[in-house]
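In: Here you go, sequence then predicted model.
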Amino acid sequence: MYMCDVMTTPINLAGVCGMSVPAGFSKPNLPIGLQIIAGQYKEGNLFRVGHAYEQATEWHSRKPSF
């Protein structure tokens, strides 16, 4: 289970906020996420950036093809 949290735990320990948004697919069609990090108590900035990214791309609406 540790490996599931290895990319998110440092953000929590640092006391800042972070989120992941869809950013594409790898060659074997696995989802790729873009992790966005904002300063402490800057969740509003984080949501604005995430929303702007999703408006500029279509990754959030695509599904992998198997």
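Out: In hand now; what should we look at? Numbering: from 1, shown residues only.

In: So which residue is dead centre in the chain?
Out: Centroid check for the chain by Cα atoms, centre = their mean gives Ser20 as the closest residue, at 1.3 Å.

In: immediately after the helix or strand of the chain with the lowest mean pLDDT, which helix or strand?
Out: Of all the helices and strands that make up the chain, the one with the lowest confidence by mean pLDDT, DSSP states H and E is helix 2-5; it has a mean of 68. Following the chain from helix 2-5 toward its C-terminal end, the next helix or strand by DSSP states H and E is helix 9-14.

In: Let me see the mean pLDDT of that next one.
Out: Per-residue pLDDT values across helix 9-14 average out to 83.

In: Going by neighbour count, list what's buried in the longest helix along the chain.
Out: Longest helix in the chain by number of residues (criterion: DSSP state H): helix 43-56. By neighbour count with 16 or more other Cβ atoms under 10 Å, helix 43-56 contains the buried residues Leu46, Val49, Gly50, Tyr53. C-beta coordinates here come from the backbone N, C-alpha and C atoms, glycine included.

In: Which pLDDT value goes with the last one?
Out: Predicted confidence (pLDDT) for Tyr53: 97.
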